[in-house]
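>>> below: sequence and its predicted model.
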Amino acid sequence: MEQISAVHRIAKAPALPDFVHRRVERFHDERVALDWGGRHILRGSRPQADALMLQSNDYLAIAGHPAIVEAQRESLGRGGLGMMMSALFQQDADAPLRQAEHELARAVGSEDGILAQSGFAANVGLIQSIAAERVPVYVDMLAHASLWEGIRSAGATAVSVLHNDLAHLERQILRHGPGVIVVDSVYSTNGSLAPLERIADLSEANGCVFVVDESHSLGTHGEHGEGLVASLGLNDRVHFITASLAKAYCTRAGFIACTTRFKDYFGCEALPAIFSSSLLPHDMAGLMASHRVIRTETWRRERLREVTRHVRGELAAMDYPIEDGTEQIVAFEAGAELLTAHVRDVMERHGIFGSVFSAPATTVNRSLLRLTLNAGMRDEDVARLIDACRQARDEMNLPAWSASRRARRHADRQPALSAA
């Protein structure tokens, strides 16, 4: 392939003004040098060819599915990249974008749907559209960062709620009044489930809007991958479902389930919808092929549940502090960033590669190594993971993990609560 050489010489960039320079240097001098011991926390070792990679959100192992790849190839060959314009101008009901929105809405039991450029754009645009200035938005402390950013950009009031703490949520609502409740159905850092039915009760009793982010449950949960809201029969109690389709659906897009009337309003109100170009035809072709695979190949969800139950059961038997979660995301929450980096290094020496999450992806002192299970794991992969965790356990200093300390505090409180 012919190489394209640079036309211009590489020039030295101008010096940054002091107000920017200080921020850049603070990152290198404080976070990298002090908090991370001089090594960037995201830079681990290079995986060998036989490494077990547990970093991808491809929960159902469909990224290389022949039907999906072929659908995108055919779309590119037939029509190229399509039209470069905002989705607002695609009013034809037969356009691939509109057909995909309709099909996804039907799958989750919603009247209509909106496809956005990403899950981040979907969440930011939705919160901008429903939370006016100073409206309280009750947001679980572990909810997706995109929801928090939507609150900030809307000028609304973020009211933090302790994770899955319904009593705290109720107190906050009674203090601040009706607003918007936003939760993840499956939380991305620890694999815990939101108590959706009980939150719906609080939402209805207090006149709130209820938003559920299904990024980590759409495709993986429900008989046909319809997600938790639909599978629990909560569609008539949840105002909006959102999702990143870059997880189980393996495509770069976001989705909002809503009414048709709201959809028309959203297109003229949400800045990401107005000022970003539409998804392209081959994106739609891949998305719909993924949707068909997810709906029909039910064995993938069954395998994911089987792997998840087995791995979590074995790790719990080894006293790994993972009881906060139940789903395919397994968190090794060490807490301190240096300890998390150590946990990552130990696992990588055993050939297991996960993803480091630290601030701002987590709250301060709750950094973790996330292991993401998937339906493509063979029995020998599962056995290898469990064996590595057994061999590495003592080296990773589990008693010092923030998750271990939290579990001990919880256990200490139980006798007192029982006595009371």
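Thanks, I have the structure now. Remember, predicted model here, so these are calculated numbers, not experimental data.

>>> any idea how many residues pack against residue 263?
By other Cβ atoms under 10 Å, the residues close to residue 263 number 18. In this view, the C-beta of every residue, glycine as well, is placed from N, C-alpha and C.

>>> and it, that one's in a helix?
Yes - looking at residue 263 with DSSP: H, G, I helix; E, B strand; the rest coil, it is inside a helix.

>>> and it, what does it touch?
112-114 (Cβ atoms under 8 Å, 6 or more residues apart in numbering).

>>> of those residues, closest to residue 300?
Of all these, residue 113 has the smallest distance to residue 300: 22.8 Å, by Cβ to Cβ.

>>> can you select the buried ones from the contacts of residue 263 in PyMOL?
To isolate the buried members of these in PyMOL, using 16 or more other Cβ atoms under 10 Å:
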select buried, resi 112+113+114
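
>>> where along the stretch 251-400 of the chain do the strands fall?
254-258, 329-335, 352-353, 355-357, 367-372 (DSSP state E, counting those that start in this stretch).

>>> a markdown table please, covering the contacts of residue 263 and showing pLDDT and distance to residue 31.
What follows is the contacts of residue 263, written out as a markdown table (pLDDT from 0 to 100; distance: Cβ to Cβ, whole Å):
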| residue | pLDDT | distance to residue 31 |
| --- | --- | --- |
| 112 | 96 | 44 |
| 113 | 96 | 40 |
| 114 | 95 | 37 |
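
>>> in strands, which of the contacts of residue 263 fall?
112-114 (DSSP state E).

>>> pick the one among the residues you listed closest to residue 20.
residue 114 (35.8 Å).

>>> all strands of the stretch 51-200 of the chain, in order?
52-53, 112-116, 136-140, 157-161, 180-184.

>>> and those as a markdown table, adding distance to residue 222?
Shown next, in a markdown table, are the strands of the stretch 51-200 of the chain (distance: least, Cβ to Cβ, whole Å):
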| stretch | distance to residue 222 |
| --- | --- |
| strand 52-53 | 27 |
| strand 112-116 | 16 |
| strand 136-140 | 21 |
| strand 157-161 | 26 |
| strand 180-184 | 16 |
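
>>> of the strands of the stretch 251-400 of the chain, flag the one that's most buried.
Mean neighbour counts were compared across these using mean count of other Cβ atoms under 10 Å; the top stretch is strand 254-258, at a mean of 28.

>>> and what about residue 243, helix, strand or coil?
Residue 243 ends up strand, using three-state DSSP.

>>> show me what it is bridged to.
Applying DSSP bridges to residue 243 gives these bridge partners: residue 255.

>>> just put the strands of the stretch 251-400 of the chain in JSON lines and tack on mean pLDDT and distance to residue 298.
Converted to JSON lines, the strands of the stretch 251-400 of the chain look like this (pLDDT from 0 to 100; distance: least, Cβ to Cβ, whole Å):
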{"stretch": "strand 254-258", "mean pLDDT": "97", "distance to residue 298": "21"}
{"stretch": "strand 329-335", "mean pLDDT": "96", "distance to residue 298": "21"}
{"stretch": "strand 352-353", "mean pLDDT": "97", "distance to residue 298": "28"}
{"stretch": "strand 355-357", "mean pLDDT": "95", "distance to residue 298": "28"}
{"stretch": "strand 367-372", "mean pLDDT": "96", "distance to residue 298": "21"}
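
>>> quick one: low-confidence parts of the stretch 301-420 of the chain?
414-420 (pLDDT under 70).

>>> mind listing the helices for it?
337-349, 379-392, 402-419 (DSSP state H, counting those that start in this stretch).

>>> again with the stretch 101-250 of the chain
Under DSSP H, counting those that start in this stretch, the stretch 101-250 of the chain gives helices at 119-130, 145-154, 166-176, 196-205, 228-231.

>>> pick the most buried one from those helices.
Comparing the helices of the stretch 101-250 of the chain by mean count of other Cβ under 10 Å gives helix 119-130 as most buried, with a mean of 26.

>>> before we move on, back to that, quick one, which of the helices of the stretch 101-250 of the chain gets closest to residue 298.
Taking the helices of the stretch 101-250 of the chain one by one with Cβ to Cβ, helix 228-231 is closest: 13.1 Å.

>>> gap between the closest one and the chain center?
Relative to its chain's centre, helix 228-231 lies at 17 Å (Cα atoms, centre = their mean, to the nearest Å).

>>> got the contact list for stretch 357-374?
For stretch 357-374, contacts defined as Cβ under 8 Å, 6+ apart pick out 41, 54-61, 141, 145, 189-190, 304, 307-308, 311, 328-337, 340, 343-344, 347, 352, 354-356, 385, 402-403.

>>> just the buried residues of those residues.
Buried subset of the contacts of stretch 357-374 (neighbour count, 16+ other Cβ under 10 Å): 41, 54, 57-61, 141, 189-190, 304, 307-308, 311, 328-337, 340, 343-344, 347, 352, 354-356, 385, 402-403.

>>> if anything else comes up later, I'll come back, but that's it for now.
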